[in-house]
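J.: From the sequence below, what's the structure:
(one chain, ligands or ions: 1)
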Amino acid sequence: MRSAIGIDAIGISVPRAYLELGELAAARGVPPEKYIQGLGVSRMAIASPDEDPVTLAVEAARRLFAGAGRAPDDVGYCAVGTETAVDHSKPVASYVHGLLGLPQRCRVFETKHACYGATVALLGAAEWIAAGSARGRSALVIATDIARYELGSPGEPTQGAGAVAMLVSERPRLLELEVGQSGSYARHVHDFWRPLHRKDALVDGQFSVSCYLEALDGAYADWKERAGGPLERTCYHVPYGKMAYKAHRRRLAADGIGEAEADARFAVEVAPSLAFSAQVGNVYTGSLYLALTSLLSGAGRPGAGARVGFFSYGSGCGAEFFAGRIAEGAAELCDRLDLGAPLEGRARLSMPEYEAIRGGDASPDRLAGAGAPGRLAYLGVDGRERRVYSADALR
Ligand code: HMG
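T.: Below is the predicted model of the structure:
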């Protein structure tokens, strides 16, 4: 029986500035083709000092509510998946709850498992509704992160930042999830990790690629035993576009399909989901859902009823494969939501500006595009190390 639980609306946000990967390549003495064709990334979003996972999450949710005609008063579950949290105890979801003015009768929490963190929040939301706990309310699930590696390291061109907010409800207008039908995989590995004192992640890059592909084998095999069947499109976790290309080959190989056919199908089945990430980079927890947003927005988007597969991977590692169907009227709603608008009109950073941000000696007003009116800003900490946001000053 088809589920009537799923994603009702989406909103995204990205930092207001970006770095051209061609410029990074020139500075690092690498041919630009290595980043642009070899990894499949053209630009990466760079968060300014007044942007953090909270401001990105709130902006994504605000766009969602403004565009979707849904009220925050109906939210009974607010979960934020992030691996770049701002506090060891107080969850990002708590800031989001307050800054959006969500109801007090609300389950509010943060989830972590590297890039898989938002998936467990999303599937949990669908199961919360299926269990009858929602009582007509909807769930707000937000993936938000700032991806950072050391300057000059192989991971540097795979940074990025952004948030994806999703409203999960009964009678979803974008995607009906096949609730309770996902396939899981987990294995304790050190492919990517970030000890509590570090801002930049550590990674064993080539090993992480093989862990991702093995997790795909495992989660997909589990999913095939539970659900299986043909998929018209697939969205993969996208640390960089080439990884999704490798993943598609690997998944189809598990179905006995050779590389030539996999490559031919890639253009229709996967490529449209990669347009946004090529402009933003890795947004960690949000990468899979940025892929969905890109798929729903562009030319060649799937029609109502099309079945879409999703592969979520989080280093460490945990993974899940699940599926859903495009809802009736999704295309019209996506046009109204204008999902890609935050990618337009961003400011281009120079290498010195980018390195100043990373060095921690950039103040927001020195940066291109600073002070955008109406945007929530992180202002710093007060005398008791409590984080302060521009909206707090308005209360
Ligand atoms: P690297 O080792 O410097 O790059 O870093 P490479 O030598 O593997 O080259 C990359 C690609 O560019 C290769 O393509 C080259 O052939 C090609 P492939 O063979 O893979 O198809 N290339 C060129 N193409 C055109 N013209 C040229 C040229 N030169 C080379 N001139 C690596 C790559 C991904 C390892 C690095 O960027 C890294 O460590 N990134 C961070 C880790 C990562 O993204 N891992 C992905 C899987 S794990 C994951 O997705 C989880 C994650 O999101 C974290 C989480 O869960 O929270 C990371």
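J.: Pick out the residue closest to the middle of this protein.
T.: Closest to where the C-alpha atoms of the chain average out (Cα atoms, centre = their mean) is Gly286, at 0.8 Å.
J.: thinking that residue is in contact with Ala163, fair?
T.: Yes - counting by Cβ atoms under 8 Å, Ala163 is a contact partner of Gly286 at 5.8 Å. C-beta here means a position set from N, CA and C on the backbone, and glycine is covered the same way.
J.: Compute the distance between Tyr240 and the ligand, please.
T.: Using Cβ to the nearest ligand atom, to the nearest Å, we find Tyr240 at a distance of 6 Å from the ligand.
J.: number of nearby residues for that residue?
T.: 23 (other Cβ atoms under 10 Å).
J.: what sits against it?
T.: Listed by Cβ atoms under 8 Å, 6 or more residues apart in numbering, the contact set of Tyr240 reads 39-41, 157-158, 277, 281-282.
J.: cool, Thr111 as well?
T.: Counting by Cβ under 8 Å, 6+ apart, Thr111 touches 79-82, 117-118, 120-121, 124.
J.: picking that back up, which single one of the contacts of Tyr240 is nearest to Gln104?
T.: Minimum separation from Gln104 among the contacts of Tyr240 (Cβ to Cβ) is found for Asn282, which lies at 34.9 Å.
J.: what comes up buried for the strand or helix carrying Ala163?
T.: Per DSSP states H and E, Ala163 falls inside strand 160-170. Neighbour counts over strand 160-170 (16 or more other Cβ atoms under 10 Å) mark 160-169 as buried.
J.: For the nearest residue to Ala341 once chain neighbours are set aside, grab the count of nearby residues.
T.: Leaving aside its sequence neighbours, Ala341 sits nearest to Arg63 (Cβ to Cβ, 6 or more residues apart in numbering; 7.9 Å). Per other Cβ under 10 Å, the neighbour tally for Arg63 reads 22.
J.: what kind of secondary structure is Arg63 in?
T.: helix (DSSP: H, G, I helix; E, B strand; the rest coil).
J.: Against Asp74, how distant is it?
T.: Arg63 is 17 Å from Asp74, where distance means Cβ to Cβ, to the nearest Å.
J.: Check Lys199 too.
T.: 36 Å.
J.: Same check on Ala201?
T.: Ala201 is 36 Å from Asp74, by Cβ to Cβ.
J.: Which of the helices and strands in this structure ranks last by mean pLDDT?
T.: Lowest on mean pLDDT, DSSP states H and E among the helices and strands of the chain sits helix 390-394, with a mean of 66.
J.: ok so, going back, tell me the one among the buried residues of strand 160-170 nearest to the ligand.
T.: Gly160 (9.7 Å; Cβ to the nearest ligand atom).
J.: Surely that closest one touches Thr285?
T.: No - contact criterion Cβ under 8 Å: Gly160 and Thr285 do not qualify, at 11.6 Å.
J.: thinking again about what came up before, which stretch of helix or strand covers the residue lying closest to the residue nearest to the centre of the chain once chain neighbours are set aside?
T.: Leaving aside its sequence neighbours, Gly286 sits nearest to Ala143 (Cβ to Cβ, 6+ apart; 3.6 Å). Per DSSP H and E: Ala143 is located in strand 138-147.
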